[in-house]
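Colleague: Model the structure of this input:
(2 chains)
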Amino acid sequence: MTSVLDISPITRIEGHLDFRVEVDDGKVTDAWATGALFRGFEIMLQGRDPLDALVFVPRICGVCPTSHQIASVKCLEDAFGATPPPNARLVRSILLALENAYSHAAHLYVLFGPDLTNEKYAGHRLFPELVRRFAPFTGSSWLTAVAAKRKLNEAYAVLGGQFPHSNAFVPGGVTCRPTPSDLVRVTGILLEVQDIVERIVLGGSVERWLENRSLTDVQAWLGEGDHADSDLGVFIRIGPELGLHQIGAGPGNFLAYGVYEQADGTPWLKPGFYDGEAHPFEQLHITEHVKHSWYVDYTGGKHPSQGETRPFYTRDGEKYSYAKAPRYLERPAQVGPLARQINDGDALVLDLAKHLGVNAFTRMLARLHEEVRLLAQVRTWLAQLNLREPFYERTPVPPRDATGVGFTEAARGALGHWIQIEGGKIANYQVITPTAWNVSPKDYLGQHGPVEQAVIGTPVSDESNPVEVQHVIRSFDPCLACTVHLIRGKRTVATVTLDA
Amino acid sequence: MPSLIWLQGATDNGCTISFLNADQPDVPQILSKLDVEVVFHPTISPWSGPRALEAIAPYASGERPLDVLVVEGAVQNGPDGTGAFCLVGKRPLKELVVELAPHAGYTVALGTCACFGGIAAANPNPTDATGLQFHHEAMGGLLGPGYRSKAGLPVINVPGCPAHPDWLSKTLGSLLLGMGDLIELDQYNRPKMFYRSVSHWGCPRNEFFEYSCSAQSFGQNGCLYRYLGCQGPDTHADCNRRLWNRQSSKTRVGSPCLGCTEPLFPDAGAGHFFQTEKRLPVPKGAKPLFHVIGKGFDGMACPAWVKEVARD
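Modeller: Alright, predicted model coming up:
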């Protein structure tokens, strides 16, 4: 028997997402992801001063504003021909790492974790333990995670002024000029966070976890000390019992732009495209499609520098989302911590993917692993700051006409900005967010987006409580606040028709 | 147990992310010790799908009392007046707000978008977005100038991009602890306890403003008002006295204030964020001639060591 389930709204994601799945014989046979919010940043940016982008663009997303700030400031630096000093690169990477670390923590506990306390698992022997830790508003780890999130934002504010929506990022560097006192304070807060992570998440030291380079290592780790009783230990034990390792594969393509510029400008996590083999990343291979999106059609896909977006809402036909469909070499690609770690060649994540496959479980483990790597790495970057050297250098006079690109990675994956400046004003500004990659609808070839693909085939044991589908969707950490669409040319929105 | 429904419109979720940093009381204390029942919040609700919306229904019909309605983000009327740019469970958000607001004990607009339209309604306002009871400086918005919540108050505006967590948590706390009638509102219905002063008050660069010692480029200690687009003297907020994340503020790390709590944000600052126009800026309401002359004399009176630190 075929039935259609509407899961609308999907809560505990960032932003507005609706999901429709077709279920046949207890299994998902088709899926439609609907980005349910259109905000029109592109239209607002046209004709404005290029520096206005630094204020507007981060407000695409209050969850990951730093990633947008870094992408937009790199975009402007590319257009202006400016280079930030090494200290500024490091501060940007430190702030981005602090943002991604809090975002991962919030995802694990506030967004994903509560599903582990779903009534479906009420009969499981570990259920009381899961509720004690992960229940929203009351779970011990839920409460601790909110405190840890606040601390990571506090560390951020020491250098960035505030979180969210610092504006310490300007072409030529950063506005802050930290003193040794500031760096000691950031270190002190990080030590508090590390203490929480070691007590609650790992049940042991960060250093010990980072020694794990294979599934076998993780199994050995699980048998040591208090590791098995930590949140991560419990998750590793229960994930396969709940079947998380059997759902949510998605396409076998993984894209990462490379992120965390080091003092010399090279990225700490390497860029790449992985489809079973590693390929170098080439931005010209990116296109966007709108055949199934609420925009006026064009043929095939367009590179974002040539992108156009004219909203066209209709309940008829094949369109079903405000998200566009980005593709790499005409193929859907997963982005996020898993894609980053795979493209970076991280030994542990590659081994997990090899032995466990790609699924909701490995996706979550990759995020947790990245969290631990980040916390350790921030301390290294703090130590590399040279407080006697500048954090900002004056930029050359901006050209009247220029183009620029800025790539980075948000917590949720690859983020790209493209700017076109004409006569000293913004002529076109394009953004492709990570969630646009992951929750994209079908493209003109009829290929599903990654989350849709990942959901198809998922078993649904109770149609009134499709928690399995929600595990898969949330394992991607979708952020719909981010799915914006960019327009080129006219300043007015095209006529939008609405089916009554 | 007081009930709370939190809806999101055209927002970047920044105000929710900011509110999670609340302290004294923090979010867990607000929920468990002040006994707030969160009927719905899009980011933290345990339930998805129809179940999440069913929870709202008895409050929308007035069957169960709704103590506080919080709306984060602007309400979009587009396209063509349908509100379909923002759908919650296939329904336009604006319908939900219009249904719930008459039953709410208090209605709070959280963030500049919900208060005045904000970024969402920036020129040319492509999605026809507006605030709950204001459109920029004009009273009206979605609910109209005559709207009053059950407690007899207009929409309480808590602007900021994002709003400081205290601005909401202390407002909510006042309502929950029976001090709702003590909250005085300014002309834009912002609680005076947060928005009567300007962010310039408490700025550690005040000495440099005083003596006309201006930073000419980022990274210097001088005042950011003259050359770097700071809007601190005109922006009603207590950022530099309350501090953000218990640590700092924009101007403390050398970033200019953007004026994000004001009804005309962001268009009022557009074109001169991070850069002041050539002419000498004058704080709103100050007498330009006397201000300019005064600043000239102040510059002459400046102690040498202050000048030195400013340039550093």
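Colleague: Give me the nearest residue to the residue of chain B found nearest chain A, chain neighbours excluded.
Modeller: When distances are taken as Cβ to the nearest Cβ, chain B reaches nearest to chain A at residue B:14, 2.1 Å away. No exception for glycine: its C-beta is placed from N, CA and C like everyone else's. With sequence-adjacent residues excluded and distances taken as Cβ to Cβ, 6 or more residues apart in numbering or on different chains, residue B:14 is closest to residue A:62, at 2.1 Å.
Colleague: pretty sure residue B:225 is touching residue B:215, no?
Modeller: No: using Cβ atoms under 8 Å, residue B:225 is not in contact with residue B:215; the gap is 9.1 Å.
Colleague: does any part of stretch B:182-197 sit near chain A?
Modeller: No: residues of stretch B:182-197 are not located near chain A by Cβ under 8 Å from any Cβ of the partner chain, the shortest gap being 15.2 Å.
Colleague: buried residues in that stretch?
Modeller: Applying a neighbour-count criterion of 16 or more other Cβ atoms under 10 Å in any protein chain shown, the buried positions in stretch B:182-197 are B:183, B:185, B:188-191, B:193-195, B:197.
Colleague: isn't residue A:386 right next to residue A:88, touching?
Modeller: No: proximity of residue A:386 to residue A:88 does not meet the contact threshold set by Cβ under 8 Å, at 11.4 Å.
Colleague: Compare the two and say which one has the larger neighbour count.
Modeller: residue A:88 (27 against 12; other Cβ atoms under 10 Å in any protein chain shown).
Colleague: Following the chain onward from the longest helix along chain B, which element is next?
Modeller: Looking across chain B with DSSP state H, the single longest helix is helix B:288-301. Sequence-wise, the next helix or strand beyond helix B:288-301 is helix B:304-311, with elements assigned using DSSP states H and E.
Colleague: So which residues of the stretch 201-350 of chain A form strands?
Modeller: Using DSSP state E, counting those that start in this stretch, the strands found in the stretch 201-350 of chain A span residues A:254-256, A:259-261, A:267-269, A:272-274, A:278-279, A:286-289, A:325-328.
Colleague: confidence score at the residue nearest to residue B:14?
Modeller: Looking at residue A:62, its pLDDT reads 90.
Colleague: Spit out the contact partners of residue A:375.
Modeller: A:101, A:190, A:193-194, A:197, A:206 (Cβ atoms under 8 Å, 6 or more residues apart in numbering or on different chains).
Colleague: So which of those is the closest to residue B:134?
Modeller: For the contacts of residue A:375, the residue nearest residue B:134 by Cβ to Cβ is residue A:101; the value is 37.1 Å.
Colleague: Look up how far chain B lies from the closest one.
Modeller: Counting by Cβ to the nearest Cβ, to the nearest Å, the separation of residue A:101 from chain B is 14 Å.
Colleague: Wait, that residue touches residue A:373, no?
Modeller: No: contact status for residue A:101 versus residue A:373: not in contact, 9.7 Å apart, counting by Cβ under 8 Å.
Colleague: Comparing those two, which shows the higher neighbour count?
Modeller: In this comparison of residue A:101 against residue A:373, neighbours counted by other Cβ under 10 Å, the higher total goes to residue A:101 at 27 against 23.
Colleague: helices or strands up against the helix or strand that one falls within?
Modeller: Element membership of residue A:101, judged by DSSP H and E, is helix A:86-106. Here helix A:86-106 is seen to pack against helix A:65-80, helix A:140-160, strand A:173-174, strand A:259-261, helix A:360-384, strand A:402-410 when contacts are counted using 3 or more Cβ pairs under 8 Å, 6 or more residues apart in numbering or on different chains; DSSP states H and E.
Colleague: Out of these, flag the one nearest residue B:131.
Modeller: Closest to residue B:131 of the helices and strands packed on helix A:86-106, according to Cβ to Cβ: helix A:65-80, at 21.6 Å.
Colleague: Quick check: buried residues in that closest one?
Modeller: A:65-80.
Colleague: What of stretch A:259-277?
Modeller: With burial defined by 16+ other Cβ under 10 Å, the residues of stretch A:259-277 counted as buried are A:259-261, A:263, A:267-274.
Colleague: Export only the CA atoms of it, formatted as PDB.
Modeller: As requested, C-alpha coordinates have been extracted for stretch A:259-277 and formatted as PDB (Å, rounded to 0.1, in the frame of the first residue of the first chain):
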ATOM      1  CA  VAL A 259      38.700  25.800   5.000                       C
ATOM      2  CA  TYR A 260      40.600  27.400   7.900                       C
ATOM      3  CA  GLU A 261      43.300  29.500   6.300                       C
ATOM      4  CA  GLN A 262      46.500  29.100   8.100                       C
ATOM      5  CA  ALA A 263      49.100  31.900   8.600                       C
ATOM      6  CA  ASP A 264      50.500  31.200   5.100                       C
ATOM      7  CA  GLY A 265      47.100  31.200   3.400                       C
ATOM      8  CA  THR A 266      46.800  27.400   2.800                       C
ATOM      9  CA  PRO A 267      43.700  25.700   4.100                       C
ATOM     10  CA  TRP A 268      44.000  23.400   7.200                       C
ATOM     11  CA  LEU A 269      41.200  21.100   5.800                       C
ATOM     12  CA  LYS A 270      41.900  20.400   2.200                       C
ATOM     13  CA  PRO A 271      39.500  21.000  -0.700                       C
ATOM     14  CA  GLY A 272      38.400  18.300  -3.100                       C
ATOM     15  CA  PHE A 273      35.700  16.200  -4.800                       C
ATOM     16  CA  TYR A 274      35.500  12.600  -3.800                       C
ATOM     17  CA  ASP A 275      33.400  10.000  -5.700                       C
ATOM     18  CA  GLY A 276      35.300   6.900  -4.700                       C
ATOM     19  CA  GLU A 277      38.400   8.600  -6.000                       C
END
